[in-house]
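**Q** Just need the structure, nothing else, for what follows:
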Amino acid sequence: MPHVGKSKNLLEKFNSSNPWNLVWGSVVAAELVAGLLDSLISFAALGKLSAGLLLAGALDALVIASVISSVVVYFVLKEQKRTEDALRTSTGFLNDIFESIQDPFCIFSNDYRMIKVNSEYAALKNRSIEELTGSGRCYEIAGKSGVCENCVVQKTMLSANPCAKEKLLLLPDGSTRWVEIYTYPLLDAGSQVSHVIEYMRDVTDRKVAEEEKQELIEKLERLSKTDELTAVFNKRAIMERLDYELDRARRYHLPLSLIICDLDHFKQINDTLGHDAGDKVLRVMAQSLVGALRKTDIIGRFGGDEFLIILPQTPLEGAAEFAERLRQKVQDINYHCEITIQTTLSMGIAAYEGNPDPNALIRRADTALYAAKKAGRNKTAF
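**A** Below is the predicted model of the structure:
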C-alpha cells in the first residue's frame, strides 16, 4: 500500500506542472508497448513463439493504447477548457467588483507603479486609466523625483502594515477636498510586500462640520468671556486673567500693576439722556481705552461704569504715567448723542507687592480710586 501511495503522489506531481504531461506520457507508454511487441515478434520469427498469436496481441495492445491516449487527451482538454472558463469568469467578476467601488481605488506594485486603478481614481488625478497604469512610477507621473513626504504607500511598503492619513487635495478645477487615505499590504509567499492597495474616502463634509463646530465652540468661548455691551472681557474673564498674571508675577518675580477706572458723573448721563446714551458712552470709552493699551495689557468691564486694567511687567511708576495718558485721552472724547457731551475718568492704581490674592490687590486699587474721587474727580491716585 505505501508503494501505491508513492506512485499516486508521483503522478500528481507529474501532472500538476502541466496537464499535457499526461498526454505525452500516455503516447510514450504506447510507443514503449509497441516496441516491446516488436521485440517479441522478432523472437517469434526465430521460432521461439507463435508469430500469429503475438501479432494479434500487438494489434490489441496498440488499439488499447490508442484508446487510452484518446480518452486521456479528451479529459485533459475538457479540464483545461473548464479551468480557462472559470478563470475568465473569475477575472470578469473581480473586474466588476473593482469598477463598482465608488471611491478612488488603486493597486501599486512594490516599485510604485500603478498596475490597476478605477475610474474614480483616474478622475481624481485628472488622467486616464491608461496614462496612470502605463506611464511609469506614481511620483514620475506627478513630475517628482521621488515619493512624496509622509507617503502612506511607502510606509506600508516598508512596514508591511496598514496605514492611514488625512490629506487636503487640490483638484484640477481649483477646488479642494479632504480625503482619508488607507493603504493595505499584499504579501507574497515569502511574506514580502508585493503590492499595496490604496483606498481614498472623501471626508470633506465631515471636516467642514468639524471646523464649523470648532468655530462655534470658539465663538461661544469668546461670548462667555466678553462683555456684550463693550466687547471687552467681562468680570469673570478679567478675574481669571488677574489670577493668572498674579501667579506669573509671583513665580518669575515680575512687577505688575492694576488700574480701576470709573466714569465721573455717569449716573447723570443715564438720568438726563437715557440709558441708550449711557450705553453709547460706555462703548466709545471702552474702545478708546482698548486702542491705548499695549499688546500685553488686559482690560475688562468690572461692573457698571467701572473698568479693570491689568498691566503685566509694569511697576507702579510706569502704571501712573500710563493712567495719566488714559485720563487725558478720555476727557478729549466728544460723544454725539442728543447733545455733544464730554466725560472724565477717575482712576485708582495699585502694584503687586508679593500678595497673590487678587481681591486684596483690587481693594487697594479701589481705595486709591475713592481717594481720586474725593480729591475732585478726573484724577489718578495710588
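**Q** what sits against the nearest residue in space to residue 255 that is not next to it in sequence?
**A** Residue nearest to residue 255 in three dimensions, not counting chain neighbours: residue 315, with 4.3 Å by C-beta to C-beta, 6 or more residues apart in numbering. Bear in mind the C-beta positions are built from the backbone N, C-alpha and C, glycine included. Each residue near residue 315 by C-beta atoms under 8 Å, 6 or more residues apart in numbering is listed here: 255, 257, 351.
**Q** So which of these is surrounded by the most neighbours?
**A** residue 257 (26 neighbours; other C-beta atoms under 10 Å).
**Q** so how far is the host helix or strand of it from its chain's centroid?
**A** According to DSSP states H and E, residue 257 maps onto strand 256-263. Distance, stretch centre to chain centre, for strand 256-263: 47 Å (C-alpha atoms, centre = their mean, to the nearest Å).
**Q** What strands flank it, and is each parallel or antiparallel?
**A** Sheet partners assigned to strand 256-263 using DSSP bridges are listed as strand 306-312 (antiparallel), strand 345-351 (antiparallel).
**Q** Using JSON lines, lay out these together with distance to residue 102 and mean pLDDT.
**A** Below are the strands paired with strand 256-263 laid out as JSON lines (distance: least, C-beta to C-beta, whole Å; pLDDT from 0 to 100):
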{"stretch": "strand 306-312", "distance to residue 102": "57", "mean pLDDT": "96"}
{"stretch": "strand 345-351", "distance to residue 102": "67", "mean pLDDT": "95"}
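**Q** Let's have those strands in a markdown table, adding distance to residue 284.
**A** Shown next, in a markdown table, are the strands paired with strand 256-263 (distance: least, C-beta to C-beta, whole Å):
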| stretch | distance to residue 284 |
| --- | --- |
| strand 306-312 | 13 |
| strand 345-351 | 13 |
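**Q** looking at these, which is closest to residue 233?
**A** Nearest of those to residue 233, taken as C-beta to C-beta: strand 306-312 at 8.4 Å.
**Q** could you dump the closest one to PDB, C-alpha only?
**A** Extracted in PDB, the C-alpha atoms of strand 306-312 (Å, rounded to 0.1, in the frame of the first residue of the first chain):
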ATOM      1  CA  GLU A 306     -16.000 100.600  36.200                       C
ATOM      2  CA  PHE A 307     -13.200  99.000  34.200                       C
ATOM      3  CA  LEU A 308     -10.200  97.000  35.300                       C
ATOM      4  CA  ILE A 309      -6.900  97.300  33.500                       C
ATOM      5  CA  ILE A 310      -4.100  94.800  34.200                       C
ATOM      6  CA  LEU A 311      -0.600  95.900  33.300                       C
ATOM      7  CA  PRO A 312       1.800  92.900  33.400                       C
END
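**Q** circling back to that earlier point, with respect to residue 234, which of the contacts of residue 315 is nearest?
**A** Nearest to residue 234 among the contacts of residue 315, with distances taken as C-beta to C-beta, is residue 257, at 21.4 Å.
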